[in-house]
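Next one to model:
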Amino acid sequence: MLLAGVFFALMNVSVKFIPHIPAIEIILFRSIFSLVFSFLVLKKIGVPVFGNNRKLLIIRGIVGSVGLISFFYTLQKIPLASAVTIQYLSPIFTTILGIFLVKERVRPIQFLFFGISFAGVIVLQGFDARVNLLYVSIGIISALFSGLAYNVIRKLKNTEHPLVIIFYFPLVTLPVASLVSYFTWVQPIGWDWLILLWIGICTQAAQYFMTIAYQNANVSKVSSLSYIGILYALFFGFLFFGETFGVMSYVGMGLVLLGILLNLREK
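Numbering: from 1, shown residues only. Predicted structure coming up:
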């Protein structure tokens, strides 16, 4: 999961480097790369490409796509660390949904910790003019659907190869991304092509390591490890984009982190 976090951080930075390319178009290129790469590797190692539990695999592809599209949109619209902080509510949604989907136990005190994290998002939104209610809402949608996707991955742990799960992500996303991109197309030029390729490589690596982690460990513990991505985002946001924050914005991020870390400790 820590390796996945590194690659996700590099992907996030790359997405912000090409704000003129629509988020759905970036996902289109990422999906083409992931689909071809996953297909070739699965064929080489002799694993059936379409898996066993196709219904759950399609659901994983759908919810994962919604989560990724909404996250990429917020990445391009608000500061890097803010987008990542809001999206990293996903461990909370993962834990709550895990009660119903994978029958994992949650202690009553953990709901207090969830509240602390959500309070952090409210503080972040209230004290940073760059983060309006629309972007916060889209970020929360991203976190919710990511949490749902992680639980579906957990349910598939005994039936599917990690690359099969990854393969269904672009398989489901590609038709929708292609249709939307047809009407919103912006021609990549120069370095755009290299950045788009790099996004595909980073996302593929991150998805692979993340899938292995979720298949082999407690859902809420693994998802909580992703908090380190906020630190990456603060560093890269300042280094590459000169992004800085007021004291209350840091307080909001800190509350989100505190709630997640308390939840991890409780588990």
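
use CA for all of it now, contacts and neighbours both
OK.

Buried ones in the helix or strand hosting residue 143, by neighbour count?
Element membership for residue 143 (DSSP states H and E) is helix 133-155. Burial within helix 133-155, assessed by neighbour count using 16 or more other C-alpha atoms under 10 Å, is assigned to 135-136, 138-155.

what does it rub up against?
For helix 133-155, the external contacting residues (C-alpha atoms under 8 Å, 6 or more residues apart in numbering) are 56, 59-61, 63-64, 66-71, 74, 77-78, 83, 86-95, 97-98, 101-102, 121, 125, 165, 211, 214-215, 219.

same check, this time on stretch 28-36
The list of residues contacting stretch 28-36 from outside it, by C-alpha under 8 Å, 6+ apart, reads 166-167, 169-171, 173-174, 177-178, 181, 196-197, 199-201, 203-204.

Filter the contacts of helix 133-155 down to the buried ones.
Buried members of those, counted by 16+ other C-alpha under 10 Å: 56, 59-61, 63-64, 66-71, 74, 78, 83, 86-95, 97-98, 121, 125, 165, 211, 214-215, 219.

Looking at these, which are in helices?
56, 59-61, 63-64, 66-71, 74, 83, 86-87, 90-95, 97-98, 121, 125, 165, 211, 214-215, 219 (DSSP state H).

and the gap between residue 39 and residue 237?
The gap separating residue 39 from residue 237 is 34 Å, by C-alpha to C-alpha, to the nearest Å.

So what's the residue count around residue 129?
Neighbour count of residue 129, defined by other C-alpha atoms under 10 Å: 10.

Report the secondary structure state of it.
The three-state label given to residue 129 by DSSP: H, G, I helix; E, B strand; the rest coil is coil.

Show the pLDDT at it.
Residue 129 carries a pLDDT value of 84.

Leaving aside the residues adjacent along the chain, what's closest to residue 181?
Of all residues not flanking residue 181 in the chain, residue 25 sits nearest, at 5.6 Å (C-alpha to C-alpha, 6 or more residues apart in numbering).

do the same with residue 204
Distances taken as C-alpha to C-alpha, 6+ apart place residue 34 nearest to residue 204, at 6.1 Å, with adjacent residues excluded.

Looking at the chain, which residue reaches furthest from the middle?
Computed with C-alpha atoms, centre = their mean, the residue of the chain farthest from its C-alpha average is residue 46, at 28.8 Å.

For that residue, give its distance to residue 164.
Distance from residue 46 to residue 164, by C-alpha to C-alpha: 12 Å.

likewise residue 262?
Counting by C-alpha to C-alpha, the separation of residue 262 from residue 164 is 34 Å.

Convert stretch 239-258 to PDB, retaining C-alpha atoms only.
Output of stretch 239-258 as PDB, limited to C-alpha atoms (Å, rounded to 0.1, in the frame of the first residue of the first chain):
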ATOM      1  CA  LEU A 239       7.500  22.300  -5.000                       C
ATOM      2  CA  PHE A 240       5.900  22.200  -8.400                       C
ATOM      3  CA  PHE A 241       2.900  24.600  -8.100                       C
ATOM      4  CA  GLY A 242       3.900  27.000  -5.300                       C
ATOM      5  CA  GLU A 243       0.700  26.100  -3.400                       C
ATOM      6  CA  THR A 244       0.600  27.400   0.200                       C
ATOM      7  CA  PHE A 245      -2.200  27.300   2.800                       C
ATOM      8  CA  GLY A 246      -3.400  29.400   5.800                       C
ATOM      9  CA  VAL A 247      -3.200  28.100   9.300                       C
ATOM     10  CA  MET A 248      -6.900  27.000   9.400                       C
ATOM     11  CA  SER A 249      -6.500  25.000   6.200                       C
ATOM     12  CA  TYR A 250      -3.700  23.000   7.800                       C
ATOM     13  CA  VAL A 251      -5.900  22.500  10.800                       C
ATOM     14  CA  GLY A 252      -8.600  21.100   8.500                       C
ATOM     15  CA  MET A 253      -6.100  18.700   6.900                       C
ATOM     16  CA  GLY A 254      -4.800  17.800  10.400                       C
ATOM     17  CA  LEU A 255      -8.300  16.900  11.600                       C
ATOM     18  CA  VAL A 256      -8.900  14.600   8.600                       C
ATOM     19  CA  LEU A 257      -5.600  12.900   9.300                       C
ATOM     20  CA  LEU A 258      -6.300  12.700  13.000                       C
END
